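Enquirer: What follows is a predicted protein model with its sequence.
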Amino acid sequence: MIKIEIEIHNKGYEYIACIDEVGRGCLFGDVVACAIIMPKGLLIEGVNDSKKLTPKKREKLYDIILDNCIACGIGRVDSNTIDEINIKESTRLAMKLAVENLVDKSGNKVIPDYLLVDAEKVYIDIPQEAIIKGDEKCHSIACASIIAKVYRDRLCLDWANMHPNYAIEKHKGYGTNKHIDAIKIYGPTTMHRHTFLKKILDGINHG
């Protein structure tokens, strides 16, 4: 899984930031991206696409990845912005913010010289490559996917306390039957993506 990074390193690039996002398909809450720079040649055992790992395994790897990384950055875009500019542009914005927020363990800003992005383009003047299914093929993109997933899942616990009627802690904002039923009963919150709810809300209004 580090073949892609090694090829880029061999071209003379030193700081390769790998980027992934989570929460793109949710009805509720922020889309969250992580940019991460891992040491050259490091392969952490067990790292895989975050969707293929158990929550317990993700939590364990989260700490190992952060302990070993050169730099990490998080980018968040909220539901209001998603409604304004659409989810694709919001995802790209979250990824850009993640790159701009890259810091090392001392809090010093780190500017990457190359980006590997999971199937997206980041609007930033840095050489980059989009990798389709990057979280399966590229070790550092998989690391980014794990950090983004655990980070957002922890946010969901806070959001669940703010909006207790929706069981956000269980479905993490995705459109499960239980979540849709709660929207129908209680209506959407200010943190719901209203552009994602048109069919559900139309059903209520015409019901």
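Expert: Thanks, I have it. Numbering: from 1, shown residues only.
Enquirer: Strands along the chain, start to end?
Expert: With DSSP state E as the criterion, the chain has strands at 16-22, 31-37, 71-77, 114-118, 128-131.
Enquirer: looking at the chain, which helix or strand does the model trust least?
Expert: Of all the helices and strands that make up the chain, helix 198-205 has the lowest average by mean pLDDT, DSSP states H and E, namely a mean of 75.
Enquirer: And the helices in the chain, which stretches?
Expert: Read by DSSP state H, the chain holds these helices, from start to end of the chain: 3-9, 55-68, 79-85, 87-100, 134-137, 139-162, 168-171, 177-186, 198-205.
Enquirer: pLDDT (mean, whole number) over the longest one?
Expert: Translated: helix 139-162. Throughout helix 139-162, pLDDT has a mean value of 98.
Enquirer: Next, the buried residues of that helix.
Expert: Using 16 or more other Cβ atoms under 10 Å as the burial criterion, the residues of helix 139-162 that qualify are 139-153, 155-156, 159-160. C-beta here means a position set from N, CA and C on the backbone, and glycine is covered the same way.
Enquirer: give the contact list for the nearest residue to residue 133 once chain neighbours are set aside.
Expert: Beyond its immediate neighbours in the sequence, the residue positioned closest to residue 133 (Cβ to Cβ, 6 or more residues apart in numbering) is residue 119, lying 7.2 Å away. Residues in contact with residue 119, defined by Cβ atoms under 8 Å, 6 or more residues apart in numbering, are 130, 131, 132, 133, 134.
Enquirer: what do you get if the cut-off is 10 Å, keeping everything else the same?
Expert: By Cβ atoms under 10 Å, 6 or more residues apart in numbering, the residues touching residue 119 are 20, 21, 91, 130, 131, 132, 133, 134, 135, 141.
Enquirer: Identify each buried residue in stretch 170-179, please.
Expert: Using 16+ other Cβ under 10 Å as the burial criterion, the residues of stretch 170-179 that qualify are 171, 172, 173, 175, 179.
Enquirer: First-to-last residue distance for it?
Expert: In stretch 170-179, first residue to last residue: 9 Å (Cα to Cα, to the nearest Å).
Enquirer: Give me the contact list for that stretch.
Expert: Counting by Cβ under 10 Å, 6+ apart, 22-23, 25-30, 79, 149, 152-153, 155-157, 159-160, 166-168, 180, 182-183, 191-193, 196-197, 200 sit against stretch 170-179.
Enquirer: Same question for stretch 99-111.
Expert: Stretch 99-111 is contacted by residues 15, 17, 19, 33-37, 66-67, 69-76, 112, 115, 117, 122, 124, 126, 128 when judged by Cβ under 10 Å, 6+ apart.
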